[in-house]
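Student: sequence? don't have it. structure:
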């Protein structure tokens, strides 16, 4: 595990092979050679009209959606409904974040995402449920939306899939990205804890590692971004028990085998503030993990947590922060 020094408080068609705008044109690196990646969990971002429809068939506490049923828990109603003013506020805030690519979680697909990121192109998983994972890619950056990484849903397909995108495909600066939203409810306990949430998250770890190792074997730079629902500050080697059961995610996936899988977590320094003024300071469960070559390209001091507006009436904001880091992609092979 490596750490970045001098840290500071920084459709397209779902699930199909589609090239983003200009994807077949010559490579377009940022003028200063920097590429900024970010991740943002938008907390049940659903169009107001859609939310109202789903509220009428909401699920009582403890109930689970069946098959491809689109619904929401009744305890979201009405307090977690995003209204028109909220969408305006989110869009204005997003416009201030100088991110080139944003991994998004808890979004009901392209429609609500486009309202927050109107100047970006979107790649989203095609999972029929209201919580999907995707990417917002700044217009003009060549990219390809790859097939959904459905394996993260596990055999019962109850968990969110991964969104997979390639930046600068077919060039010397090709980068592969995976956006994830892993199982919640086991963010600090050992993964061997006898609880459904921990067992599910434990089962997702080798699936996640398989994607990481496949990319590392290809020798191309990659990153995994999103809501891991896991506090890495509570995890230490060894990653497995004597009997071979996975007990910790971070040391399991950061094993340096193949070498490109020697990961960098640029947000490993202790948190010093909360992004929402009403929240306590707590370690993040959202992460941006960089492969070995991308870790070397990370700009020192560029990792940042973005705080939401303060004041007597700051408005409603998601319960997760935006995190970002900048890369100098001129250091990648050309």
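Tutor: Received the coordinates, thanks. None of these values were measured; they are calculated from a predicted model.
Student: Tell me what residue 35 is bridged to.
Tutor: For residue 35, the beta-bridge partners are residue 327 (DSSP bridges).
Student: State the distance from it to residue 326.
Tutor: 7 Å (C-beta to C-beta, to the nearest Å). Glycine gets a C-beta too; all of them are placed from N, C-alpha and C.
Student: Could you do residue 121 as well?
Tutor: Using C-beta to C-beta, residue 121 is found at 20 Å from residue 326.
Student: Now residue 34: closest residue in space that isn't a chain neighbour?
Tutor: Nearest residue to residue 34, sequence neighbours excluded (C-beta to C-beta, 6 or more residues apart in numbering): residue 326, at 5.0 Å.
Student: Phi and psi next, for residue 322.
Tutor: Dihedral angles of residue 322 (phi, psi; degrees, to the nearest 10) stand at phi -90, psi 130.
Student: got it, and residue 301?
Tutor: Phi and psi for residue 301, reported as degrees, to the nearest 10, are phi 80, psi 0.
Student: What score does it have for pLDDT?
Tutor: Note for residue 301: predicted pLDDT of 96.
Student: quick one: average pLDDT of stretch 286-296?
Tutor: According to the model, stretch 286-296 has a mean pLDDT of 98.
Student: Repeat that for stretch 213-233.
Tutor: In the prediction, stretch 213-233 has an average pLDDT of 97.
Student: Report the buried residues of that stretch.
Tutor: Using 16 or more other C-beta atoms under 10 Å as the test for burial, stretch 213-233 gives 213, 215-216, 220-232.
Student: Filter those down to the ones in strands?
Tutor: Residues of these located in strands (DSSP state E): 222-227.
Student: Find residues that contact each of residue 35 and residue 326.
Tutor: By C-beta atoms under 8 Å, 6 or more residues apart in numbering, residue 35 and residue 326 have no common neighbours.
Student: So which bits of the helix or strand containing residue 197 are buried?
Tutor: Assigned by DSSP states H and E, residue 197 belongs to helix 196-218. Neighbour counts over helix 196-218 (16+ other C-beta under 10 Å) mark 197-198, 200-205, 207-209, 211-213, 215-216 as buried.
Student: And for stretch 258-266?
Tutor: Neighbour counts over stretch 258-266 (16+ other C-beta under 10 Å) mark 258, 260-266 as buried.
Student: Tell me who's in contact with residue 72.
Tutor: Contacts of residue 72 were listed using C-beta under 8 Å, 6+ apart, and they are 44, 46, 51, 54-55, 58-59, 130.
Student: ok, those residues vs residue 290, which is closest?
Tutor: Of all the contacts of residue 72, residue 290 sits closest to residue 44, with 28.4 Å by C-beta to C-beta.
Student: Can you give me the neighbour number for the closest one?
Tutor: 20 (other C-beta atoms under 10 Å).
Student: Pull the number of nearby residues for residue 69.
Tutor: Neighbours around residue 69, by other C-beta under 10 Å: 11.
Student: What lies in contact with the strand or helix carrying residue 105?
Tutor: Here residue 105 sits within strand 101-107, counting by DSSP H and E. With contact meaning C-beta under 8 Å, 6+ apart, strand 101-107 is reached by 35-45, 94, 113, 117, 120, 124, 131-138, 141, 160, 163, 165, 167, 177, 179-181, 225-227, 320, 322.
Student: Stretch 239-253 too?
Tutor: Outside of stretch 239-253, the residues within contact range by C-beta under 8 Å, 6+ apart are 1, 190-192, 201-202, 205-206, 208-209, 212, 228, 230, 232, 235-238, 255, 261, 263, 265, 289.
Student: hmm, 6 Å instead?
Tutor: The contact list for stretch 239-253 (C-beta atoms under 6 Å, 6 or more residues apart in numbering) reads 190-192, 202, 205, 209, 212, 230, 232, 235, 237.
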